[in-house]
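S.K.: structure, please.
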Amino acid sequence: MKKFIKAIFAGFMIGIAALTSIGAGGSWIGSLLFSIGLIIILAQGYNLYTGKIGYIKSYKEIPIMLLYILGNLIGVLLISFTSTVNTDTIILSKLANPLWLSFIKAIGCGFLMFIAVDTYKKYNTFIGTIGGVTAFLLSGFEHSIADMFYICNSQMLNLDTLIFIIIVIIGNAIGALLHKLIK
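M.R.: Numbers count the residues shown, from 1 in each chain. Next up is the predicted model:
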């Protein structure tokens, strides 16, 4: 139960990070500010799917990753209830891309998220966190939990957004695990 609650808090922080980034106009400043969400998640020991998936050692850990995804979803959903920001345009632009491109962008994000988290874990510094998050946002990469926030906030839950988010979740995992393999 504690892991699940920490996953909800992580989703909550990603929702706040997304709102902060949008509030800053989505510029490089917004990308930089988004990293504060991951910094808080790491400092507090919250369970963010994209920060944990690169560390799995066995397929037996997949159920806990699914628990993290569910908790993260609840967290972003809670934040979306408080938001007056319109994210319809963000989701529509993401859905306009072919799924293969979203998948590639999700792999890129997973790769950078692993670097962002692993740098903190190994060197106790947030430089990699700030750099990794800023890079994935400015590159237009797909972060499954942030995308869940945009979907929940826009209230565009349908088959297209469900397929999109599943593709991004898988892509984030592959990106994180690929980075782990080359280390």
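
S.K.: only C-alpha atoms for contact and neighbour calcs from this point on.
M.R.: Will do.

S.K.: now do the contacts for G75.
M.R.: With contacts defined as C-alpha atoms under 8 Å, 6 or more residues apart in numbering, G75 is in contact with A7, I8, F9, A10, G11, F12, M13, G15.

S.K.: ok, 7 Å please
M.R.: Residues in contact with G75, defined by C-alpha atoms under 7 Å, 6 or more residues apart in numbering, are I8, F9, A10, G11, F12.

S.K.: give me the subset of those lying in helices.
M.R.: I8, F9, A10, G11, F12 (DSSP state H).

S.K.: in what helix or strand does I165 lie?
M.R.: Counting by DSSP states H and E, the element that carries I165 is helix 159-182.

S.K.: list the buried residues for that helix?
M.R.: Within helix 159-182, the residues that qualify as buried by neighbour count (16 or more other C-alpha atoms under 10 Å) are 161, 164-165, 167-169, 171-180.

S.K.: farthest-apart pair in those, please.
M.R.: Spanning the widest gap among the buried residues of helix 159-182 are T161 and K180, at 28.5 Å by C-alpha to C-alpha.

S.K.: quick revisit: quick check, nearest of the ones in helices among the contacts of G75 to I115?
M.R.: Of these, the one sitting nearest to I115 (C-alpha to C-alpha) turns out to be A10, at 18.0 Å.

S.K.: give me the number of residues near that closest one?
M.R.: 33 (other C-alpha atoms under 10 Å).
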